[in-house]
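Peer 1: Sequence first, then the predicted structure:
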Amino acid sequence: MSAEPDALLGSELRKALEAVLFVVEEPVDVVTLAQVLEVPTDDVEAGLRALRSAYVDEGRGFVLREVGGGWRLYTDPGASAYVERFVLNGRTNRLSQAALETLAVVAYEQPVTRARVGEIRGVDADGAVRSLVSRGLVTEVGRAEVPGQPLLYGTTSDFLERLGLNDLGELPPLPDLAPKGPAPAEPPPGGYKQARREVESSWQQPPDPSDEGSA
């Protein structure tokens with residue numbers, strides 16, 4: 001006699017699987033999930049299949065699919081009309097300050113990883129990048145040739161169209177904001193936000209008269 005799905009799927013395993021599946025941007029395989037959650041692959045496999053059945057039985061707005069050798073959450077095709085309406089309406093809204101900053105970094109640094117965008121902005125950029133991708137302003141353009149091969153992002157033709165540009169060469173040049181003197185020391189982990197505030201504060205200081213006299 002086979003066990004019911006809920007019996008196979010412990011509450012903690014279900015919670016862990018759903019949490020990981022919620023944040024992944026591409027299908028994740030069973031072996032990786034088993035390693036991360038430190039449970040046997042058979043338990044993970046059973047858990048995923050039980051989750052998939054449970055979502056269908058409960059009529060949820062998302063489904064769990066096995067694609068490309070891995071598993072990932074998708075919106076239910078039956079709700080596609082609502083999702084399309086939401087996305088199209090979202091495009092008419094103004095971009096947040098975080099999204100504008102992220103878009104500027106991607107435009108001038110592309111192709112660029114989310115980690116690099118986060119380093120430049122001094123804050124996590126995952127949410128802003130996802131927002132820009134959903135609005136069609138940013139897209140995946142490849143993978144970086146570094147360990148882990150993170151995704152690279154660049155702007156889209158829609159981005160150029162909205163800014164009235166023919167190509168990226170028409171972007172306005174960046175102002176020369178390089179500080180005088182030696183480069184500041186590398187901030188400690190988690191200290192990029194504070195370092196950025198200090199650099200921005202230095203830009204607002206009046207020029208040193210001795211510098212003008214020596215010119």
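Peer 2: Everything's here; your move.

Peer 1: Give me the distance between the residue most central in space within the chain and Val141.
Peer 2: Residue closest to the average C-alpha location in the chain (C-alpha atoms, centre = their mean): Asp126, at 3.0 Å. Going from Asp126 to Val141 by C-beta to C-beta, to the nearest Å gives 17 Å. No exception for glycine: its C-beta is placed from N, CA and C like everyone else's.

Peer 1: hang on, the earlier thing: how deep is the residue lying closest to the residue nearest to the centre of the chain once chain neighbours are set aside tucked in, by neighbour count?
Peer 2: Closest residue to Asp126 apart from its sequence neighbours, by C-beta to C-beta, 6 or more residues apart in numbering: Arg114 at 6.0 Å. Other residues within reach of Arg114, judged by other C-beta atoms under 10 Å, total 20.

Peer 1: got it, and Pro173?
Peer 2: 6.

Peer 1: next one: Ser131
Peer 2: 19.

Peer 1: Sticking with it, tell me its helix or strand.
Peer 2: helix 126-134 (DSSP states H and E).

Peer 1: Please identify the buried residues of that helix?
Peer 2: By neighbour count with 16 or more other C-beta atoms under 10 Å, helix 126-134 contains the buried residues 128-129, 131-132.

Peer 1: name the helices or strands packed onto it?
Peer 2: With contacts taken as 3 or more C-beta pairs under 8 Å, 6 or more residues apart in numbering; DSSP states H and E, helix 126-134 sits against helix 97-109, helix 114-121, strand 138-143.

Peer 1: what would these look like in a markdown table with distance to Gln35?
Peer 2: Shown next, in a markdown table, are these (distance: least, C-beta to C-beta, whole Å):
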| stretch | distance to Gln35 |
| --- | --- |
| helix 97-109 | 31 |
| helix 114-121 | 22 |
| strand 138-143 | 21 |
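
Peer 1: Glu170 is nearest to which of these?
Peer 2: Across the helices and strands packed on helix 126-134, Glu170 has its closest neighbour in helix 97-109 (11.2 Å, C-beta to C-beta).

Peer 1: what packs against the closest one?
Peer 2: Looks like helix 97-109 contacts helix 114-121, helix 126-134, strand 151-155 (3+ C-beta pairs under 8 Å, 6+ apart).

Peer 1: Go again with 6 Å.
Peer 2: Applying 3 or more C-beta pairs under 6 Å, 6 or more residues apart in numbering; DSSP states H and E, we find helix 97-109 packed against helix 114-121, helix 126-134.
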